[in-house]
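Asks: take this sequence and fold it.
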Amino acid sequence: MRKTIGIIVIILLIAIGAYLYFSGTFDNDTNHHAENQTSNSTQESGGKDKHEPTVENLFQLAEDGKIPGHEIVVGKTNVDEVYDIWGKSDDESTVKGITYMEYSQETLTIGVKNDVVLDLRSSQEAIQKIDLEAIKDYKGEPDAERYFQDEDVDQIILVYELPNDYVLKWVLPDPDSDNDNPNVDHIALSNTGLDDAADDKGDNDNNESADNENGDETGQVDMNLDEKIGQMIFSGVDGTEMTADTEEMISTYHVGGIILFANNIDSPSQTVTFLNDIKDANPSNSSPLLLGVDEEGGRVTRMPDDVTSLPNSRSIGNLNDPDLSYEVGTILGKQMNEMGFNLDFAPVLDVNSNPDNPVIGNRSFGDNLEIVSRLGIETMKGIQDEQIISVIKHFPGHGDTGVDSHLELPKVNKSYDELKELELVPFQNAIDNGADVTMIAHILMPKIDPDYPASMSGEVITNMLREDAGFDGVVITDDLTMQAITDHYDIGQAALQSVKAGSDLMLVAHEYDNVENVFRTLKEAVENGELSEERIDESVRRIQDLKEKYHVTDEATEKPDFSGINEEVESVLEKVR
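Replies: Next up is the predicted model:
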């Protein structure tokens, strides 16, 4: 009996040992197979790192030109290698010679030029878990902060400069009272030594909206001196179609903007074709063109016969209806968009306090500063909401003049304190409400600056407008070819003095030779040390920021259709009759 039990025990022990042995072997094979599957999966997905990225990890990788989960290296990986890893992209677009390849499944955008990766943007879910405090806690304050806002987003960009010319940008919603510690929307990694990758790419996609940089935190701009000076000139043109002079202004003098007048406009279709041709002549320049027109309604209209013009501002002011003023602004914006313009020299914020004023008159909303201020701001906002740049004019106030600055230099004998009681009020309110561009008038104000008119005066532009009123947008002169200037100054020297005083854009509305004079004078002033290049950079940075904010491009405008807009204008006309 005992012998039988012993045999059974031995058999059981052998069976258990065999089970454990084969079971262990199976498990090892299974685990090894699973590891192989994981490894293969990682390889098939393009070499993704399964470890969730941290702020520290992101910065460390960026110093080597990489972002988490991807084998691509900025400045080294070529486009064929990208295709080998990821295959063809979901979508591709080209802007300023840079091809942007979208890989939606990987939440990745790759910018390529000359077959080399210049820019990487990622909105991985793990990256979007990182918040503002985590970034600053690890790396401290950024080298620069940028802001980007349009109808879809309001974002802050934290720019960190890294070794080997790499730049890492963190793009987040702009902190506000509801959320002072937002999470990251996406990151962008580029290299400043590689041809300024992706400086002009920006739209409403989460991967692309707020990365546009045209300079660094010191205010330097990535253009040569000729290009910078050209950006500060807003020129007029001759005729109703492209000419050799117009092409020369764009290609040789790199003008930043072009204004059309009534003699340049025959019909909607001709205007669209003309502006499209102007934009087609600009591809060699690194910045798109501002295209502007004086369209106020009333007697200052450049619209052709096919387009119904709005009533003058005085008739709008008589109704004192802010909603109507806003509607007028939106119509102006729609008219600009339909024709291919991106900037409107409107509204007039002058208080028409002098009934004998020969130049303002019914272009103003009236002689009541509160009405002028309230209605002018609403018109400005209406224009802006149509993604058209609005120019408020004519700072510090043209309403109390007795002569036309197109013909003579007006003089206003008011003190600064007196101006603050009337003329300056609408401008200050507009600035407080988001004015982007301010036009400076050709007015001599002896009690403020006995030597120079406002458009050339540091007392007016830098002290009154920049410092006291807090305006940090673009300052543009009134037309420097007006007799108020040309009867007293060489136009090139007038432009130079205006830049010294703080202006950003010189409006040179007539004659090719005047554009050449202004360009040459400014360039010589920089070369001989009379004007610093840093001062030029300051203005160009503002101009580029403005273009970025309004998504200014050189894309062609489609065939216009004013039928619906004309009906809106008729509705306004009925209200003022």
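Asks: what's around Ser415, how many residues?
Replies: Residues contacting Ser415 under the criterion other CB atoms under 10 Å number 11. Any C-beta I mention is one placed from the backbone N, CA and C, and that applies to glycine too.
Asks: Asp545 versus that one, what's the distance?
Replies: Remark: distance between Ser415 and Asp545 (CB to CB, to the nearest Å) = 34 Å.
Asks: what about Phe234, helix or strand, and which?
Replies: Secondary structure from DSSP states H and E places Phe234 in strand 233-236.
Asks: what is the following helix or strand past that strand packed up against?
Replies: From strand 233-236 onward toward the C-terminus, using DSSP H and E, the following helix or strand is helix 244-251. Counting contacts by 3 or more CB pairs under 8 Å, 6 or more residues apart in numbering; DSSP states H and E, helix 244-251 is packed against strand 257-260, helix 512-527.
Asks: ok, the closest residue to Gly473 other than its chain neighbours - contacts?
Replies: Counting by CB to CB, 6 or more residues apart in numbering, the nearest residue to Gly473 once its immediate chain neighbours are dropped is Asp436, at 4.8 Å. Counting by CB atoms under 8 Å, 6 or more residues apart in numbering, Asp436 touches Gln384, Ile389, Ser390, Gly473, Val474, Leu546, Lys549.
Asks: now do Lys411
Replies: Per CB under 8 Å, 6+ apart, neighbours of Lys411: Thr401, Ile443, Leu444, Met445, Pro446.
Asks: for Asp277, same thing?
Replies: Neighbours of Asp277 in contact, by CB under 8 Å, 6+ apart: Glu241, Met242.
Asks: now with 10 Å, please.
Replies: Glu241, Met242, Thr246, Glu247, Ala556 (CB atoms under 10 Å, 6 or more residues apart in numbering).
Asks: so which of those wins on neighbours?
Replies: Counting by other CB under 10 Å, top hit in the contacts of Asp277: Thr246 with 22 neighbours.
Asks: just checking, that one touches Val237?
Replies: Yes: counting by CB atoms under 10 Å, Thr246 does reach Val237; the two are 4.7 Å apart.
Asks: between the two, which contacts overlap?
Replies: In contact with both Thr246 and Val237: Val255, Ile258, Phe274, Ile278, Tyr512, using CB under 10 Å, 6+ apart.
Asks: out of the residues you listed, the closest to Glu567 would be?
Replies: Closest approach to Glu567 among these (CB to CB): Phe274, at 25.8 Å.
Asks: wait, isn't the closest one in contact with Asn263?
Replies: No: taking contacts as CB under 10 Å, Phe274 lies outside contact range of Asn263: 12.0 Å.
Asks: of those two, who's got more company?
Replies: Phe274 (24 against 11).
Asks: what count of nearby residues applies to the closest residue to Leu531 other than its chain neighbours?
Replies: Excluding the flanking residues, the one nearest Leu531 by CB to CB, 6+ apart is Ala525, at 3.9 Å. The number of residues packed near Ala525 is 21, by other CB under 10 Å.
Asks: in this structure Ala525 contacts Met232, no?
Replies: No: applying CB under 10 Å as the test, Ala525 and Met232 come out as separate, 12.0 Å apart.
Asks: shared neighbours of these two, anything?
Replies: Ala495, Val499, Ile536.
Asks: elements contacting the helix or strand where Ile543 lies?
Replies: For Ile543, the host element (DSSP H and E) is helix 533-549. If contacts are counted by 3 or more CB pairs under 10 Å, 6 or more residues apart in numbering; DSSP states H and E, helix 533-549 sits against strand 144-149, helix 225-231, strand 290-293, strand 389-395, strand 437-440, strand 474-477, helix 491-501, helix 512-527.
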